[in-house]
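K.L.:
Next one to model:
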Amino acid sequence: MRAPALPVLLAVVSLLVAVPSRAAETYCVGGYTGRPPHVVAACAQPEIVRLHAKWHEHLYLTDGKACFLCYDEVDDTCEKVFLRRNPDYRPMDAHGCAVLFGENLRSGELLAHVIDGKHLTPPPPSPPAQLEAKVERITPGPYTAGDRLSAVGAVRDDQGVVRRIPGGTFRVTDATGKSTDHRGTVQPDGTVTVDFTLPPTDSARVEFIPEKPPLAPGETLRTAGSEARSLKVEVCGFRARLVQPSSVAPETLVAGQATPLRASLFDAAGQRPVATPAGLSLAFTVQVDGEPARTLAADKELSASWTPPASPRPRQVRISAGGRVGERIVCPAGEATATVSDLGLGFDTSGLPRTCYVGLPCRGTVVLQRPTDPGIRHRVDELLLDPRVEARMEDTGEERYRGPPRAGDRYEFLATYDKPKSVSWSLVFETPRGPVAMPAHEVRVRPRLKLELPAELDFGTVAASTPVTGACQKLDFGRSQGAEEHRWELRAEGLEGCQARPVLSFLNALGAADVRGLVPSLGIDALDPQDRRLDICLEVPRCAGDVSPDSAVLRVVPLTPEFKAQEKTVRLRWKVEGRGFLGCHGAWVWPTLALLGFGVLLAGFTQPARFPSGASIRVAGSERGMRQAAAILLLDCPGSSPGFFRDARLGLNGDGEVNGRTRNAVILLRATRGAGVVLAGQGPLEQQDRRTLQWEPVTDLAQGHVPSPSVLYRAGGTYFKVEL
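P.N.:
Alright, predicted model coming up:
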C-alpha cells in the first residue's frame, strides 16, 4: 500500500521544481514613450517604483505588434515567469524595437503589474509633472583661469527623481559673453558629467543644457537649460593640497569615526611647498553623495576634524581645501576622493564593464577596499577574519559565490548570456554587525557585432572640378548587426600617386555641410540608429585626370576590443576625366582677358596727352599782322581731341587755318605730357631772335620743338606764336 507513494512524491517534487515559486513572481510589463533606448517606461513611474526596493529594466518584449518593457526585482522573473506563461511574447533588442516600431507614446499603458503573485490594480496616472535641468555640482573654488573643473548636471522631476536623458551640454560663458560648449558623458545614475578648463576671464557662468528626454503625458520640461551657476575667477596666489585623506589614492573612511583632514600649502603653480603666511584663512569643503556640501574651518596647522555620517551602503565623498590670504586667494590643488561606510569597507568597481555581448564571456573584477588608518584597519581586518562573515556574489538574483572573504580582496564575475537584456551584479558581506553591500552594478547585454559592408564603393566616371558633394557613395551598415552601438575608425590606404581623395561628408553641430579626410584616419563616435549609412565622397582634382589604383581601399575598423577582428576592407574605384586648358582655366582666363581688354580700351582713351586748357595760337600772314591777330584756344580748334592711343594734334596749314587736318600741314602742333605742346613737321621753320630781330632756323623740329611763348615763328609766309 505504501509503494505508490514514492512516484506521487516524485511527481509533486517535479511540479514544485518546474513551477517557480509564486513568492518570486514580482514583475511589471508596460509600454513606453520615446525611441529605445531613451524612453519613459510605464513600469518606471514613481507610483510603481516606490513599491519595490529593487527594481530594474530587464528586457524589451514584443508580441509582433508593438514593443514593451519588462521590469523585475533584479532577478530573471521577466524570463522565468512572464515569458514562459506568455508564449505570444518574445525578447526583442532595443534597436530592433526602434527600427520596427519607431517612437512610441505608450508610457500610460500597463499590461501587468504583479507583486508576490498578485496582480495589482493599475495605479492612477501621475499628476502633471515639470522636469527641471540643474547644474548639481561644480568643483569647489576659489577659482583661477586655467583650472580644470568638473561639473555634474541632471534633469529631475517634482519629487527630485533623476530622469535619464540621452545626453547634455555644459555651456561656459566668460565675462565678454563668449560661450564654449562642452559635451557631457551620461553616467549610470542618469546624471551627466564633464571636465572643462576655465577660460581667461574674471567671471564665468556655467549652464547645463540637456538633450530633451522623452516626455510622458502631462510632463513638461520647465526650461531648455538650467539656471546659470556664476563663478568668480581670480588670480591664484597659493595652492592647497590635501595630505589626509590622500589626493593620490582613494581611501576608505568609517561612518561615525572622527577623520582628520590636513592640507599643505604650495605656490601658485602647485609645485613648491611654502610656509604658512600670516592671515591665512583656509577651509575644507566636504561633499558626500546625497548630502549637502559642508565647510570646515582649518586651524593654524591647516587641519580639521570631520565625522562622516551614517552610510549603510558605501558612498563617495569628495574633499578639497581653499581660502584666502588677504587679497590673494588659495586655490584647491585638486580634490581627494574617498569611500565612507558604516564598517569602513569600500568597493572599487572600476574593473567592472558597463556593456557585454551575447555569447561572449562577460568578465569583471571588484576590489574590496579597507581603511588605510592603522587603528581602524586593524578592527576591519579582525571583522573580516571572523568565521561568521560570509561573502555573497549575485548575478541578477542568482547566487554565483557564497563563502568566506577571498584572499587578496578580489572578486571576479564571469558569465555568458544568451540574449540581450540588463543584468545586475552585486557583492554583499554578511557580518555580525550587519550587511555591507556594493551598490548594484548594471550591465547591458547587447547583441554581438556582425559587420557586413559592400565589397566596393564605385564612384564611376567623374569630371575634374566636380564639387565634393557631387561624387558620393553610401557606406551602408544596414546589413550589419549592432553597428550603431560601436565606435569606428575609417582609414583610406593605397592612394600613392593619386590626386583624388576620399572624404567623409556630414552635417556638423551647426547643421552646416562639412567634410573630413580619411588619411591617415578618422574616428566615428556613433552611427545614426535610424540611418546607418555614411556619405563617402571624392575630392577630385580641378583639372587633371585621375584613376584609382588597384591598391585604393577603405579600411573600416571597429574600436570595440571584442570585435577588432571584424575589420573590413572596401575597395575604392573611380575615374576622373581631365579638362582642356580653356575648360579648366576658362573661369579665370576669360574674365582676365575681358578685364585686360577693358583696361587697354580705357588706357587708349585716357593715356594720350591733351592740349592744356589755356594753350592758344596767334596766326597772321605778316609780321605786322601779328599785332592785330586774335588768340585761338587750341581746344576750340576742330579735331583738337586726342585719338585712341594718339596724342592730341593740330595742323597749321598754309592758308592760316588750324584744324585736325595734319597730312599737308605746314607745322604740326602735338600735345605732350609735361611739356604741354611741341612743334613738329618737315619744316622749314624759323624763329626770330628777340635781340637782333634776325630769323634763325629751328633745328630740333624733327625731334619736337618746345615753343617759347614770347617767340615769333615763321613757316613760309605764315607767322604765328604759341602761348601756354
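
K.L.:
Spell out, range by range, the strands that occur in the stretch 201-350 of the chain.
P.N.:
If DSSP state E, counting those that start in this stretch is used as the criterion, the strands of the stretch 201-350 of the chain fall at 203-210, 220-221, 229-234, 236-244, 251-254, 259-267, 280-288, 294-297, 303-306, 315-325, 328-332, 336-341, 346-351.

K.L.:
where in the chain is pLDDT low?
P.N.:
Applying pLDDT under 70 to the chain flags residues 1-24, 247-249, 509-510, 582, 675.

K.L.:
Show me where it has its helices.
P.N.:
5-18, 46-49, 77, 84-85, 94-101, 374-385, 581-606 (DSSP state H).

K.L.:
So which bits of the last one are buried?
P.N.:
I take that to be helix 581-606. Within helix 581-606, the residues scored as buried using 16 or more other C-beta atoms under 10 Å are Cys584. In this view, the C-beta of every residue, glycine as well, is placed from N, C-alpha and C.

K.L.:
next one: it to chain centre, how far?
P.N.:
How far helix 581-606 lies from its chain's middle: 46 Å, per C-alpha atoms, centre = their mean, to the nearest Å.

K.L.:
returning to what we had before: and Gly364, which of the strands of the stretch 201-350 of the chain is closest to it?
P.N.:
With C-beta to C-beta, the closest approach to Gly364 among the strands of the stretch 201-350 of the chain belongs to strand 346-351: 5.7 Å.

K.L.:
What helices and strands are in contact with the closest one?
P.N.:
Applying 3 or more C-beta pairs under 8 Å, 6 or more residues apart in numbering; DSSP states H and E, one finds that strand 346-351 makes contact with strand 336-341, strand 362-369.

K.L.:
The same query, at a cut-off of 10 Å, please.
P.N.:
For strand 346-351, the helices and strands in contact under the criterion 3 or more C-beta pairs under 10 Å, 6 or more residues apart in numbering; DSSP states H and E are strand 251-254, strand 336-341, strand 362-369, strand 410-415, strand 421-431, strand 434-437.

K.L.:
Pull the residues that contact the first one.
P.N.:
What it means is strand 251-254. Contacts to strand 251-254, defined as C-beta atoms under 10 Å, 6 or more residues apart in numbering, come from residues 244-245, 259, 288, 306-308, 311, 314-315, 317, 319, 336-348, 368-373, 376-377, 379-380.

K.L.:
hmm, try it at 7 Å
P.N.:
Taking C-beta atoms under 7 Å, 6 or more residues apart in numbering as the criterion, the residues outside strand 251-254 that touch it are 245, 259, 308, 317, 338-340, 344-346, 369-372, 376.

K.L.:
returning to what we had before: between the strands of the stretch 201-350 of the chain, which gets nearest to Val503?
P.N.:
Across the strands of the stretch 201-350 of the chain, Val503 has its closest neighbour in strand 203-210 (30.4 Å, C-beta to C-beta).

K.L.:
got the contact list for that closest one?
P.N.:
The contact list for strand 203-210 (C-beta under 7 Å, 6+ apart) reads 133-135, 138, 151, 153, 155, 165, 168-175, 198, 224-226, 228-233.

K.L.:
And the buried ones among the residues you listed, selectable in PyMOL?
P.N.:
Listed next is the PyMOL selection for buried residues among the contacts of strand 203-210, using 16+ other C-beta under 10 Å:
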select buried, resi 133+134+135+138+151+153+155+165+168+169+170+171+172+173+174+198+225+226+229+231+233
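
K.L.:
what are the ranges of the strands in the stretch 51-200 of the chain?
P.N.:
For the stretch 51-200 of the chain, the strands defined by DSSP E, counting those that start in this stretch cover 56-62, 67-72, 90-92, 104-105, 110-115, 118-119, 130-138, 143-144, 148-156, 168-174, 179-183, 185-186, 192-197.

K.L.:
ranking those strands by burial, who's on top?
P.N.:
Ranked by mean neighbour count, the strands of the stretch 51-200 of the chain are led by strand 67-72 with a mean of 26 (mean count of other C-beta atoms under 10 Å).

K.L.:
burial of the residue lying closest to Val547 once chain neighbours are set aside, as a residue count?
P.N.:
In space, and not counting its chain neighbours, Val547 is closest to Lys575: 5.2 Å by C-beta to C-beta, 6 or more residues apart in numbering. Lys575: 14 surrounding residues under other C-beta atoms under 10 Å.

K.L.:
Asp700 too?
P.N.:
If you count neighbours by other C-beta under 10 Å, Asp700 ends up with 12.

K.L.:
which residues touch the nearest residue to Pro200 once chain neighbours are set aside?
P.N.:
Distances taken as C-beta to C-beta, 6+ apart put Ala145 closest to Pro200, at 4.3 Å, once the chain neighbours are dropped. Counting by C-beta under 7 Å, 6+ apart, Ala145 makes contact with Leu198, Pro199, Pro200, Thr201, Val233.

K.L.:
With Arg241 as the reference, measure out to Ala145.
P.N.:
As judged by C-beta to C-beta, to the nearest Å, Ala145 and Arg241 stand 19 Å apart.

K.L.:
Could you do Arg222 as well?
P.N.:
According to C-beta to C-beta, Arg222 and Arg241 sit 40 Å apart.

K.L.:
So for the two, which residue has more residues nearby?
P.N.:
More crowded of Arg222 and Arg241, by other C-beta under 10 Å: Arg241, with 18 against 10.

K.L.:
The more buried one is in contact with Ala269, isn't it?
P.N.:
No - using C-beta atoms under 7 Å as the test, Arg241 is too far from Ala269 to be in contact (11.7 Å).

K.L.:
hmm, back to that, derive a PyMOL selection command for the buried subset of the contacts of strand 251-254.
P.N.:
In PyMOL, this line selects whichever of these come out buried by 16+ other C-beta under 10 Å:
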select buried, resi 245+259+308+317+338+339+340+344+345+346+369+370+371+372+376
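
K.L.:
ok, Lys212 - contacts?
P.N.:
Lys212 sits next to Leu221 when contact means C-beta under 7 Å, 6+ apart.

K.L.:
that older thread, okay if I get the strands of the stretch 201-350 of the chain as CSV plus distance to Val462?
P.N.:
Listed next are these as CSV, based on distance: least, C-beta to C-beta, whole Å:
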stretch, distance to Val462
strand 203-210, 42
strand 220-221, 47
strand 229-234, 53
strand 236-244, 57
strand 251-254, 63
strand 259-267, 62
strand 280-288, 60
strand 294-297, 67
strand 303-306, 70
strand 315-325, 57
strand 328-332, 58
strand 336-341, 57
strand 346-351, 51
